[in-house]
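**Student:** here's a sequence, model it:
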Amino acid sequence: MHPKNLLLAVLATLLLVSCGSPLEKKDLKTCTKISGVPGPEDLDLIEIDKKPTLLISVHNRRNMESIGWISTLDLNMPVADQKPIPIQTKYPENFRPHGISFAKVNGKDTLAVISHTLTSDKPHTIEIFERIGSNQWTHTKTLSDPLLTGPNDIFMNSKGEIFASNDRGPENKFMQYVNMIFKNGTADIAYYDGNKFANLNQKVVLGNGIFLREENGDEILYRSVFSEAAISVFKIIRENGNLSLEFRKKIDLGSGPDNIMPDAEGNLWVAAHPSTLKFLKHASSNQNLAPSQVYKIDAKTNAVELIYSNEGSEIPAASTGLVSGDRIYISQVFEDFLLTCSKP
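**Tutor:** The predicted structure is shown next:
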């Protein structure tokens, strides 16, 4: 969830998920904080030199003028020795990373990164990097388009196609307030086919995490819809060179879903924000805690299980839950650390 979407500051508490219900607490075991990554909002997994490695989007999101970077974390090392290392590259100007997605495109390790440039002509871009060494990457391309109205999360596949989930539409701030009041969704999915962008005509109030995979021969897309406290599931239809989405179902969480990550068994792990009001207060000051939850969605049944729930003292405003081996890594929006615990 993008921290400075505070255009919703008053209305979000009325229109979105719970702002103060009693929180069920559910702990994980052997948890350790890994510091050195302010605002590690999104994560992805890659193998570097045959070692599982975490990619981390890093940006001090309480100071949006600051510049961010991408770090890696060698998960092959003992947890006590795992330290984030900024990747070596020449970042594009005004680089403020948000959602990230890794794929092997045309045989090359490729990373797509949403960047909020804060410039008037191209306020949001997608930056493409390719790995050229152990921890060395080169910036190869900048993508921009008016359809990137407020990209929050991103998914790139092995074809180089990109799906960007917007959390707002193209309207001005006043109309964003109006649309929130009337629950008029304007946040679409921007699809890049390798040459041009198009909208997929799936407009919601506050889109968030996005994930795509093949299931039983079909391409299935999952999208977090924060305002509905649910994940929408679509089948991708490809006809005559065009791509569209066919709605399949919703998976209700009862909490505002953020990023969506798979594990080795095909289960999906979703971090979620159970209190919009507390999240917004936390965005203003780290003295205010924001609760964190992580859910697991069963690969076969889509049954939802609450895996982790904390009022924010251990980790506030969790944004991603990623499983690697016998550990889970939980990121968050504002503070300077990841949390890793034993996988339940």
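**Student:** just the strands in the stretch 201-344 of the chain please.
**Tutor:** For the stretch 201-344 of the chain, the strands defined by DSSP state E, counting those that start in this stretch occupy 207-215, 218-225, 230-239, 242-252, 256-262, 268-273, 292-297, 304-310, 318-324, 327-332, 337-342.
**Student:** can you add mean pLDDT and distance to residue 170 and give those strands back as a markdown table?
**Tutor:** In this view, the C-beta of every residue, glycine as well, is placed from N, C-alpha and C. Output for those, formatted as a markdown table (pLDDT from 0 to 100; distance: least, CB to CB, whole Å):
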| stretch | mean pLDDT | distance to residue 170 |
| --- | --- | --- |
| strand 207-215 | 97 | 13 |
| strand 218-225 | 98 | 18 |
| strand 230-239 | 98 | 21 |
| strand 242-252 | 97 | 20 |
| strand 256-262 | 98 | 23 |
| strand 268-273 | 98 | 25 |
| strand 292-297 | 98 | 31 |
| strand 304-310 | 98 | 33 |
| strand 318-324 | 98 | 25 |
| strand 327-332 | 98 | 29 |
| strand 337-342 | 98 | 34 |
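**Student:** residues touching the residue nearest in space to the middle of the chain, list them.
**Tutor:** Centroid-nearest residue in the chain, with CA atoms, centre = their mean: residue 259, separated by 3.8 Å. Counting by CB atoms under 8 Å, 6 or more residues apart in numbering, residue 259 touches 42-43, 99, 153, 208-209, 224, 270-271, 319-321.
**Student:** ok, back up a step: between the strands of the stretch 201-344 of the chain, which one is nearest to residue 128?
**Tutor:** With distances scored as CB to CB, the stretch of the strands of the stretch 201-344 of the chain nearest to residue 128 is strand 207-215 (17.2 Å).
**Student:** what comes up buried for the closest one?
**Tutor:** 207-212 (16 or more other CB atoms under 10 Å).
**Student:** what's the answer for stretch 222-240, then?
**Tutor:** 222-234, 236.
**Student:** widest-spaced pair of the residues you listed?
**Tutor:** Maximum pairwise distance in those, criterion CB to CB, is 24.1 Å, between 229 and 236.
**Student:** picking up where we left off before, please identify which of the strands of the stretch 201-344 of the chain is closest to residue 83.
**Tutor:** The closest of the strands of the stretch 201-344 of the chain to residue 83 is strand 337-342. By CB to CB, the value is 11.1 Å.
**Student:** sheet-wise, list the partners of the closest one with their directions.
**Tutor:** Here strand 337-342 has these sheet partners by DSSP bridges: strand 32-35 (antiparallel), strand 327-332 (antiparallel).
**Student:** looking at those strands, which one is packed in the most?
**Tutor:** For those, the largest average neighbour count (mean count of other CB atoms under 10 Å) is found in strand 327-332, namely a mean of 25.
**Student:** among the buried residues of stretch 222-240, which one sits closest to residue 64?
**Tutor:** For these, the nearest to residue 64 is residue 226 (19.6 Å; CB to CB).
**Student:** local confidence estimate at that closest one?
**Tutor:** The model reports residue 226 with a pLDDT of 94.
**Student:** ok, residue 22 next?
**Tutor:** Per-residue pLDDT puts residue 22 at 79.
**Student:** same deal with the one 4 residues further on?
**Tutor:** Residue 26 carries a pLDDT score of 97 in this model.
**Student:** and residue 41, by the same measure?
**Tutor:** 98.
**Student:** residue 182 now?
**Tutor:** We have a pLDDT of 78 for residue 182.
**Student:** next: the one 3 residues further on.
**Tutor:** According to the predicted model, the pLDDT of residue 185 comes to 93.
**Student:** my read: it touches residue 204, true?
**Tutor:** Yes - with contact defined as CB atoms under 8 Å, residue 185 and residue 204 form a contacting pair (4.1 Å).
**Student:** more crowded one of those two?
**Tutor:** residue 204 (24 against 18; other CB atoms under 10 Å).
**Student:** measure that one to residue 187 for me?
**Tutor:** 5 Å (CB to CB, to the nearest Å).
**Student:** same check, this time on residue 324
**Tutor:** 31 Å.
**Student:** out of those two, which sits in the more crowded spot?
**Tutor:** Taking other CB under 10 Å, residue 324 and residue 187 do not tie; residue 187 has more neighbours (26 against 20).
**Student:** who's in contact with that one?
**Tutor:** By CB under 8 Å, 6+ apart, the contact set of residue 187 is 149-150, 165-169, 203-207.
**Student:** picking that back up, just send the strands paired with strand 337-342 back as a markdown table, with distance to residue 52 too.
**Tutor:** As requested, the strands paired with strand 337-342 are exported to a markdown table (distance: least, CB to CB, whole Å):
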| stretch | distance to residue 52 |
| --- | --- |
| strand 32-35 | 15 |
| strand 327-332 | 10 |
